[in-house]
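Novice: Provided below are the primary sequence and the corresponding predicted coordinates.
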Amino acid sequence: MFVSPSERPNTAAILKALERPGILTVGDTDGFASQGGAINFTVQARRVRFEINPTAAEQARLKMSSQLLKLATLVPGPRP
């Protein structure tokens, strides 16, 4: 599920509603992965990069490949 930047004020509620197995949450706003999204795209030095929240992916029962994790910036999620 892609969460649009226009939904930034509702991101926490959306992520809470999507807390179930098999749903990959993807966004492109600052702090999306640290709020509990699984993947967040960012632009750094005019290049698209991505962050992964391994905890969020694990809670959704999704497995990220080790090669994908090597390329990403790993971000801790919110604490319960």
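Specialist: Good, I have the coordinates.
Novice: what separates stretch 30-50 from the chain centre, distance-wise?
Specialist: 7 Å (Cα atoms, centre = their mean, to the nearest Å).
Novice: Run through this structure and note the low-pLDDT ranges.
Specialist: 79-80 (pLDDT under 70).
Novice: What are the boundaries of the strands in it?
Specialist: For the chain, the strands defined by DSSP state E cover 2-3, 26-27, 39-44, 47-52, 73-74.
Novice: Listing partners with orientation, what would you give for the third one?
Specialist: Read that as strand 39-44. strand 26-27 (parallel), strand 47-52 (antiparallel) (DSSP bridges).
Novice: residues in contact with that strand?
Specialist: With contact meaning Cβ atoms under 8 Å, 6 or more residues apart in numbering, strand 39-44 is reached by 24-33, 48-53, 57, 72, 75. Any C-beta I mention is one placed from the backbone N, CA and C, and that applies to glycine too.
Novice: filter these to the buried ones?
Specialist: The neighbour count (16 or more other Cβ atoms under 10 Å) marks 25, 27-29, 32-33, 51-53, 57, 72, 75 as buried among the contacts of strand 39-44.
Novice: Now do the contacts for the closest residue to residue 57 other than its chain neighbours.
Specialist: Distances taken as Cβ to Cβ, 6 or more residues apart in numbering put residue 38 closest to residue 57, at 4.6 Å, once the chain neighbours are dropped. By Cβ under 8 Å, 6+ apart, the contact set of residue 38 is 24-26, 52-53, 56-57, 60, 62.
Novice: What distance do you get for the closest residue in space to residue 68 that isn't next to it in sequence to residue 34?
Specialist: Of all residues not flanking residue 68 in the chain, residue 52 sits nearest, at 7.3 Å (Cβ to Cβ, 6+ apart). Going from residue 52 to residue 34 by Cβ to Cβ, to the nearest Å gives 11 Å.
Novice: Residue 6: which of the contacts of residue 38 is nearest?
Specialist: Nearest to residue 6 out of the contacts of residue 38 is residue 26 (Cβ to Cβ; 14.8 Å).
Novice: So the closest one is in contact with residue 1, correct?
Specialist: Yes: judged on Cβ atoms under 8 Å, residue 26 makes contact with residue 1 at a distance of 7.1 Å.
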